[in-house]
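K.L.:
what would the 3D arrangement of this be:
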Amino acid sequence: ATDVSDQLQLNLSGIETPYLWVANTGSNQIAQISTEDGRVIRTANVGGNDPSRTAVDVNFNCWVGFRNGDAVGRFDNDWASPEDRYFPNSFYSGSGLGEAWDRPRAVAINADGNVWIGNWDNTNMILLAPDTGAVLNTYETPIRTWVSADGTGEASRPHQGGGQAYGFSLDAFGNLWAAQ
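P.N.:
Okay, here's the model as predicted:
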């Protein structure tokens, strides 16, 4: 490979993704599925927390927002002896956040491996350290919204007001984008 100034060069050899994670809201389970043969490796019952959005970190652990609950979770990729972690509101008592989770529906992992969680009801976004669940940053309402197709031909014009985070994506520059 040749170094090119002012560019980030990625290894283009490909990444083998050994697992696929599925949030099954109807059965309140998270499933880890082999991408090699399609078999279900394990399922985790999460009670009545209503698992919804997922994001997978560089270690193939799955982060889940429980859209009708008050928690987020990390499901370990080590199916033989998983160390799943839950981060409920009670985990953050005394942190000044109050109810940290209010129907979390958006989840994304940034380039540093930190986890962005977006809440539906109180419309804030919280950045977590992946190993400890510690809050690294918060972004309060209103979330700045953009309209992508408004019939006028303008592709990205600002929209007044804020909105509720429904899904997240990160672009190549590390900007966090929220779908509403």
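K.L.:
in this protein, which residue is closest to the centre?
P.N.:
Closest residue to the average C-alpha location of the chain: residue 107 at 1.7 Å, with C-alpha atoms, centre = their mean.
K.L.:
got a list of contacts for whichever strand or helix holds that residue?
P.N.:
In this assignment (DSSP states H and E), residue 107 forms part of strand 104-109. When contacts are defined by C-beta atoms under 8 Å, 6 or more residues apart in numbering, strand 104-109 is touched by residues 52-58, 63-67, 69, 71-72, 115-120, 125, 130, 164-170, 176, 178-179. For glycine as for every other residue, the C-beta is placed from the backbone atoms N, C-alpha and C.
K.L.:
same check on stretch 125-136?
P.N.:
So stretch 125-136 is contacted by 57, 61, 72, 74, 85, 87, 91-92, 95, 97, 100, 106, 109-110, 113-119, 137-139, 143, 165, 176, 178 (C-beta under 8 Å, 6+ apart).
K.L.:
end-to-end on stretch 64-81?
P.N.:
Start and end residues of stretch 64-81 are separated by 19 Å (C-alpha to C-alpha, to the nearest Å).
K.L.:
three-state assignment of residue 26?
P.N.:
Here residue 26 is recorded as helix under DSSP: H, G, I helix; E, B strand; the rest coil.
K.L.:
now for the chain, the helix or strand with the poorest mean pLDDT.
P.N.:
One helix or strand of the chain scores below all others by mean pLDDT, DSSP states H and E: strand 157-159, with a mean of 43.
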